[in-house]
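here you go, sequence then predicted model.
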Number of protein chains: 2
Amino acid sequence: MDTSSTLSHTETWCLLALVGASINILVNTVQGDGAPLVASIALGGISFATAFSLIRWLGPVFLKAGLKGKDMAKPRRPEMYEPETMGAVCAVVYLLALIVFIPFAFYKDIVAATSGGGNRDVVLEPQQAENGRYLHRFPHGKLASYLSGLLSLQSIIILGIGDDLLDIRWRHKVLIPAFGSIPMLIVYFVDFGVTHVVVPLPLQPYLGDSVDLGWLYYTYMAAVAIFCPNSINMLAGINGIEVAQSLVIAALLLFNDALYLAPITPYPHPATDSHLFSIYFLLPFVGVSAALLYHNWYPSKVFVGDTYCYLAGMVFAVVGILGHFSKTLLLLFAPQIFNFLYSIPQLFKLIPCPRHRLPRFNAATGLLEASVTEWTVPPSQFIATALHLLHYLHLVHITKNKDGQIFESTNLTILNLWLVWMGPMKENRLAWHMVAVQTVCGALGLFVRHRLALLVFHHDNRAFGIS
Amino acid sequence: MDTSSTLSHTETWCLLALVGASINILVNTVQGDGAPLVASIALGGISFATAFSLIRWLGPVFLKAGLKGKDMAKPRRPEMYEPETMGAVCAVVYLLALIVFIPFAFYKDIVAATSGGGNRDVVLEPQQAENGRYLHRFPHGKLASYLSGLLSLQSIIILGIGDDLLDIRWRHKVLIPAFGSIPMLIVYFVDFGVTHVVVPLPLQPYLGDSVDLGWLYYTYMAAVAIFCPNSINMLAGINGIEVAQSLVIAALLLFNDALYLAPITPYPHPATDSHLFSIYFLLPFVGVSAALLYHNWYPSKVFVGDTYCYLAGMVFAVVGILGHFSKTLLLLFAPQIFNFLYSIPQLFKLIPCPRHRLPRFNAATGLLEASVTEWTVPPSQFIATALHLLHYLHLVHITKNKDGQIFESTNLTILNLWLVWMGPMKENRLAWHMVAVQTVCGALGLFVRHRLALLVFHHDNRAFGIS
């Protein structure tokens, strides 16, 4: 019997215990005041257990359906295939969790907006409501915003699965998240339409306190929604790296969200709801990602597929945009932004770009080395000078032939650059290093955002009332 | 050059003209008062052109990705594969059309709820609004309802694609629409929660005017959402039949919706909005389905896949449930309901059920004949008696061996039954007959609903104010 597609006894019992505890918590929240945060944590647990089991069980089904890939950084040469596109499984579990969460998110409002339970058609008019115990009508705006986030995630998953199946060309692929972001932007337009941004202090004499960016703001949001998924898809190529970086970003966002919650920030704060919204989207994502990472970490047993990268990036874009903290979000993407900028010479073919740029596996040492691109035609004078300069700055490694002409230079990705700096290392060690880089950069970013931002803005929105 | 995957010159020009005209109409609606009905028609045109071109262009891509099937009712025996799962292409185009439509659907409300355009953050309070020219705030409830319909459609498409790829088992498959209906039901619960139904006159002395079904009503809605997609998936097997029946149902629903619009029913009518909602969901669906039918009609060049059947059924379930006319909807499903009930003996294995029950192609005559299931073990006394009775009633055709034992009986589908009644016929003729059956049954259903319903209800909701 093939044990790679079944759960061990220990795993079965642990997962069952987790699911049991989570369901217990969920049921309790409904009997109490429907604490959505607690319910969200419980749904995160259920999502983890469900994704974990499905990834294990569906392996052979995916292989049979031809959804398989080969690990390019492993010694064994014979045709060993592993299930690919497992991110789609996580995506489906994640979506169902978010859908099931809807009544929990709005439990308090359902109770408040109706005559107490069950009899939901007796919705009081606002006037009446203000006199009685019913404090507000149902917050349809918040519901629409939640649903639009969900719609964007579903759109990108459909397109991501299409990409994984049909192998869409690179230049078409880049725009997939643009389609995915349409629902969210349209609902943002219909529903909020806030396109003002606060102006940094040094510019206030010229521009006033805030400036209306109008349609430019939509362009900016679309750009964020296109950048996040693609940049995660670009920082890929070794076991576990896509999921690990996403988990670090999610953890940092959760930490940032927690700063706006009750004990730290007193409750009636305008940004609390946005950050709760962000937590609700992130917790089940952390659940399914952790389950995927268990199977995808070195040595990986399944691959994640573009679907996962798109999903992860879009989750961040959704919480950043609908939670109104897209600038903070971009601070957490520092390694991805660096990786993108660093890749530009290859993306625009100033430097030859091979089909795969992932680090090269050296079967003799068992270590990963920086992969190189070959110059069949020597570079132009300008490019050669630039490469020499970058080599001198340790930002690239070039190899010259005996005529002094460059015939090899390392591929421009952060993974290769790290190997240039640190020397060859094992695949899992490189993944750990990247996790550390992501964590340090992100933590630094959050520090900058909450402490140093005071230098250019009047106040941090956590302490005062501007979101 | 493979002409089967390119558009001819005539096609290109016709489609370009259609798209041009549609875009022109769309732009005009924005400059005028944003007539959403006109915009929806224009989007239907664009959807048709887009789906038509993509189905043509993506054929080779799908074949290469292994998404292919074989036509079982055609003479040529050599391995001729045709692209399968083309319904997924329609689904994506349809979803994008519905997403792009959001601002058009709510254009009037956007203008009314804001200070006139652009300056969307100055939303007036209701009190102010009633004095000025701003008559109402933004109808978030309607938006949430639209978005939840969209979410259900996306969910079922994701699961449908999964089904087409992974070949999920029949007994798991049936429940796929149940997951797809969750978003809609949850938002229905959160947002309306109306679970009263009007009681027919003869029962009113016992039950009162209306009765609250409570959670039973949700069970009923879930059942509708499970039934519609599966029943369309079940009435399948010959070229074009899935799409043709869906188009007939959509056309009849549109006809029914039109009865509630301005010239026929005076405007401020409580059911108008529900039926407009239904039209907005149906028009782009008709667009993509017509494009698919062109390629899927006999002799078909592409196959639709389960994705299309699920999508079609879910579109009907969404408009029926969120538009509050699910009983009318079921009247239009008469052939599907008959097909389902008629199939039950095979579904529950009282009669042997082969993997495929589609009509058998007779290569000698070029005609389709009723396919049969073989009794390797003779039927029990009870089943045999029932089969003899059905044979006598012309509801099944049995063949007996010289001992008088049944060894073959026709498969219990409406297509086979029709062939038993009418004798063998060509595939396209059978498809036309089914279109006629669907149209006649549906038209009769609508007549019953609007005329004869007066016998058991006080009034038809079209004439009076109860929706």
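Okay, I see it.

so where's the stretch 151-300 of chain A uncertain?
A:191-194, A:267-268 (pLDDT under 70).

let's see it at 90
A:159-160, A:162-219, A:237, A:259-274, A:276-277, A:298-299 (pLDDT under 90).

and the strands in chain A?
A:68-70, A:81-83, A:196-198, A:210-212, A:360-362, A:367-369, A:372-374, A:398-400, A:406-410 (DSSP state E).

hmm, who's touching the fifth one?
Contacts of strand A:360-362 with the rest of the structure, by C-beta atoms under 8 Å, 6 or more residues apart in numbering or on different chains, involve A:Met72, A:Ala73, A:Lys74, A:Pro75, A:Leu367, A:Leu368, A:Glu369, A:Ala370, A:Ser371, A:Val372, A:Pro424, A:Glu427. C-beta: built from backbone N, CA, C; applies to glycine.

next one: the last one
Outside of strand A:406-410, the residues that reach it under the criterion C-beta under 8 Å, 6+ apart are A:351, A:370-375, A:378-379, A:384, A:387, A:396-401, A:416-417, A:420.

picking that back up, rank the strands of chain A by pLDDT, which is bottom?
Lowest mean pLDDT within the strands of chain A: strand A:196-198, at a mean of 75.

direction included, what does it pair against?
Sheet pairing for strand A:196-198, assigned by DSSP bridges, gives strand A:210-212 (antiparallel).

could you give me the buried positions within the strand it pairs with?
A:Val211 (16 or more other C-beta atoms under 10 Å in any protein chain shown).

next: stretch A:198-218.
So for stretch A:198-218, counting by 16+ other C-beta under 10 Å, buried means A:Val199, A:Gln204, A:Val211, A:Tyr217, A:Tyr218.

ok, for the third one, nearest residue in space, not its chain neighbours?
Beyond its immediate neighbours in the sequence, the residue positioned closest to A:Val211 (C-beta to C-beta, 6 or more residues apart in numbering or on different chains) is A:Val199, lying 5.5 Å away.

next: the last one.
Of all residues beyond its chain neighbours, the one nearest A:Tyr218 is A:Leu185 (5.8 Å), with distances taken as C-beta to C-beta, 6+ apart.

quick one on the thing from earlier: Produce a PyMOL select command limited to the buried residues of the contacts of strand A:406-410.
A single PyMOL command selects the buried members of the contacts of strand A:406-410 (16+ other C-beta under 10 Å):
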select buried, chain A and resi 351+370+371+372+373+375+379+384+387+396+397+398+416+417+420
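
not counting sequence-adjacent ones, nearest residue to A:Met72?
Per C-beta to C-beta, 6+ apart, closest to A:Met72 is A:Leu358, 6.5 Å.

domain-wise, how is chain A divided?
A:3-113+A:140-332+A:428-455, A:347-425 (automatic domain parsing).

thinking again about what came up before, how about the residue nearest to A:Met72, what does it touch?
Counting by C-beta under 8 Å, 6+ apart, the residues that A:Leu358 touches are A:Met72, A:Ala73, A:Ala236, A:Gly237, A:Ile238, A:Ser371, A:Thr413, A:Leu415.

hmm, the second one is touching A:Asn239, no?
Yes - at 7.4 Å, A:Ala73 and A:Asn239 qualify as touching, with contact defined as C-beta atoms under 8 Å.

of the buried residues of stretch A:198-218, closest to B:Tyr342?
Distance ranking of the buried residues of stretch A:198-218 against B:Tyr342, using C-beta to C-beta, places A:Tyr218 first at 53.4 Å.

which residues sit in contact with the closest one?
A:Leu185, A:Tyr188, A:Phe189, A:Thr195.

how much space between whatever residue of the stretch 251-400 of chain A ends up closest to chain B and A:Gly149?
Using C-beta to the nearest C-beta, the closest approach of the stretch 251-400 of chain A to chain B is made by A:Thr307 at 10.4 Å. Counting by C-beta to C-beta, to the nearest Å, the gap from A:Thr307 to A:Gly149 is 18 Å.

for the nearest residue to A:Leu311 once chain neighbours are set aside, grab the count of nearby residues.
Nearest in space to A:Leu311, with sequence neighbours left out and distances taken as C-beta to C-beta, 6+ apart, is A:Ala91 at 4.9 Å. A:Ala91 has 30 neighbours, counted by other C-beta atoms under 10 Å in any protein chain shown.

same check on A:Pro263?
7.

also the one 10 residues further on?
Taking other C-beta under 10 Å as the criterion, the count of residues near A:Asp273 is 15.

check contacts around the spatially closest residue to it that is not a sequence neighbour.
Spatial nearest neighbour of A:Asp273, chain neighbours left out: A:Lys142 (7.1 Å); criterion: C-beta to C-beta, 6+ apart. For A:Lys142, the residues meeting the contact criterion (C-beta under 8 Å, 6+ apart) are A:Phe106, A:Asp273, A:Phe277.

report the separation between A:Lys142 and B:Gln154.
Using C-beta to C-beta, one gets 20 Å for the distance from A:Lys142 to B:Gln154.

hmm, back to that, which among the buried residues of stretch A:198-218 gets closest to A:Val19?
Taking the buried residues of stretch A:198-218 together and measuring to A:Val19 by C-beta to C-beta, the closest member is A:Tyr218, at 41.6 Å.

return the member of the contacts of A:Lys142 nearest to B:Leu341.
Closest to B:Leu341 out of those is A:Phe106 (39.3 Å), distances taken as C-beta to C-beta.
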